[in-house]
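1. model this:
(one chain, ligands or ions: 1)
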Amino acid sequence: MGRGRFISLEGGEGVGKSTQIAALAEALEGRGVRVVITREPGGSPGAEAVRRLLLEGEETRWNSRAEALLFAAARADHIEKTIQPAIERGEWVLSDRFVDSSLAYQGEAGGLGIEAVRDLHRFGSLDFLPDRTLVLTLDEAEGAARARVRDGHGGDRIGSRPPSYHAAVDAGFRTVAASEPDRVRLVDASGPAATVTARLLYALGDLLP
Ligand code: TYD
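-> The predicted structure follows:
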């Protein structure tokens, strides 16, 4: 059994990531792959503690730099404690969000700049990156509506930011995808869930056993 793979799923609010991660895991297990599902912020005991600091409380609880540092700190722990050990055991790790969320949310939408946040990742996690990143894309209004249905209204500290913030997140994901086309693929999240899952598998085609 060789080294496993690391795949991250990304996208704005309400694009259906949780449904798709579960469907993708099932499809991969059907091909004989052992799968670990994880998420950010979180995915290890330390990072889950940081998650609560990030997602609960007042909007003004952290300034934008402190927020980016907390995400980077949680990620360093998540990689060391959860992701790397699983990959070394030959498992495939599917993460609901990873560093590209920080690039899009804190870097682009939060105004720190994508490069500055990438530098934090270089420092915090030695630039450890997924083998493939799948960004689910949906018309902004449709995504916001789905998220509202799911969360009641707005959700957590970050999900409840204004539409202009979420539009910038979307632009950030597109910028990152354009600059790293081998690693990052945009996947249309519209239509029936099974169709979206098929698109995701297609975007992993060259990695599949
Ligand atoms: P979560 O409840 O996991 O939301 P979702 O279902 O949308 O994935 O909350 C995570 C929130 O944190 C979400 O609004 C995106 C945001 N986030 C960042 O701003 N930066 C990051 O690096 C990560 C991982 C998440």
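
2. quick one: contacts for residue 57?
-> By Cβ atoms under 8 Å, 6 or more residues apart in numbering, residue 57 lies in contact with residue 157. Where you see a C-beta, it was placed from the backbone N, CA and C, and this is true even at glycine.

3. distance of it from residue 157?
-> 6 Å (Cβ to Cβ, to the nearest Å).

4. again with residue 77
-> Remark: distance between residue 77 and residue 157 (Cβ to Cβ) = 20 Å.

5. what's the average pLDDT for stretch 180-197?
-> Stretch 180-197 carries an average pLDDT of 97.

6. Now it - C-alpha only, CSV.
-> Written as CSV, here are the backbone C-alpha positions of stretch 180-197 (Å, rounded to 0.1, in the frame of the first residue of the first chain):
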residue,chain,number,x,y,z
GLU,A,180,-2.8,26.9,-10.2
PRO,A,181,-4.7,25.0,-12.9
ASP,A,182,-3.0,21.6,-12.2
ARG,A,183,-4.0,21.5,-8.6
VAL,A,184,-7.2,23.6,-8.5
ARG,A,185,-10.3,22.8,-10.6
LEU,A,186,-13.6,24.7,-10.7
VAL,A,187,-16.6,22.3,-10.7
ASP,A,188,-20.1,23.4,-11.6
ALA,A,189,-22.3,22.7,-8.5
SER,A,190,-25.6,23.3,-10.3
GLY,A,191,-28.1,20.5,-11.1
PRO,A,192,-28.8,17.2,-9.4
ALA,A,193,-26.4,16.0,-6.7
ALA,A,194,-25.5,12.9,-8.6
THR,A,195,-24.5,14.9,-11.7
VAL,A,196,-22.3,17.1,-9.5
THR,A,197,-20.6,14.0,-8.0
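
7. buried ones in it?
-> Residues of stretch 180-197 classed as buried: 184-187, 189, 196-197 (neighbour count, 16 or more other Cβ atoms under 10 Å).

8. The residue nearest to residue 108 when sequence neighbours are not counted is in what secondary structure piece?
-> Using Cβ to Cβ, 6 or more residues apart in numbering and skipping residues adjacent in sequence, the residue nearest residue 108 is residue 172, 2.8 Å away. According to DSSP states H and E, residue 172 maps onto helix 163-179.

9. got a list of contacts for that helix?
-> 10-13, 100, 103-105, 107-109, 114, 135, 137, 140, 143-144, 184-186.

10. Likewise for stretch 187-207?
-> Contacts of stretch 187-207 (Cβ under 8 Å, 6+ apart): 5, 7, 9, 11, 15-16, 19-20, 23-24, 27, 131-132, 134-139, 142-143, 185, 208.
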